[in-house]
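[1] based on what follows, work out the 3D shape:
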Amino acid sequence: MSVYVGNLSYEVTEESLNAVFAEYGSVKRVQLPTDRETGRVRGFGFVEMGTDAEETAAIEALDGAEWMGRDLKVNKAKPKEDRGGSFGGGNRNSYGGRNRY
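    Alright, predicted model coming up:
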């Protein structure tokens, strides 16, 4: 399981985030998604720790903590949702409740 880290500074690097979480145990992996168009960090990331106990310790210590001028939001990451295709998915009947066909 991974830890979600939100409200990150746009100046954050994988190395700096790794260093913060390493204080609470072994860090297996750090991911910082970037914007496709600008290449800039999107303001959130994921950290995979060695054990559940290390994840819990990091969450308890870092959630709400101030780092790089921002108050971090840290919690267990939720599984990625299936967004249902490239056309937005969602409600197929989007014509005011009536079925046009």
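[2] not counting stretch 69-86 itself, show me its contacts.
    Counting by Cβ atoms under 8 Å, 6 or more residues apart in numbering, the neighbours of stretch 69-86 from elsewhere in the structure are 1-9, 46, 55, 58-59, 62-66, 89-90. (C-beta placed from N, C-alpha, C; glycine too.)
[3] any of these buried? List them.
    For the contacts of stretch 69-86, burial is judged from neighbour counts taken by 16 or more other Cβ atoms under 10 Å, and it is met by 2-3, 5, 8, 55, 58-59, 62.
[4] of the residues you listed, which pair is most distant in space?
    Between all members of the buried ones among the contacts of stretch 69-86, the longest pairwise span (Cβ to Cβ) is found for L8 and E55 and amounts to 17.5 Å.
[5] quick revisit: which members of the buried ones among the contacts of stretch 69-86 are positioned in helices?
    55, 58-59, 62 (DSSP state H).
[6] now the residues you listed in a markdown table, with distance to G39?
    Putting these into a markdown table (distance: Cβ to Cβ, whole Å) gives the following:
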| residue | distance to G39 |
| --- | --- |
| E55 | 29 |
| A58 | 28 |
| I59 | 29 |
| L62 | 26 |
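[7] what's S16 sitting at in phi/psi?
    The phi and psi torsions at S16 (degrees, to the nearest 10) take the values phi -70, psi -40.
[8] which stretches of the chain form strands?
    Secondary structure of the chain (DSSP state E): strands located at 2-6, 27-31, 44-49, 66-67, 70-71, 73-76.
[9] now these in CSV, with mean pLDDT and distance to T13?
    Converted to CSV, the strands of the chain look like this (pLDDT from 0 to 100; distance: least, Cβ to Cβ, whole Å):
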stretch, mean pLDDT, distance to T13
strand 2-6, 97, 13
strand 27-31, 97, 9
strand 44-49, 98, 10
strand 66-67, 98, 13
strand 70-71, 98, 15
strand 73-76, 97, 17
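[10] could those strands be laid out in CSV, adding distance to S16?
    Supplementary listing: the strands of the chain in CSV, determined by distance: least, Cβ to Cβ, whole Å:
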stretch, distance to S16
strand 2-6, 11
strand 27-31, 9
strand 44-49, 11
strand 66-67, 9
strand 70-71, 13
strand 73-76, 15
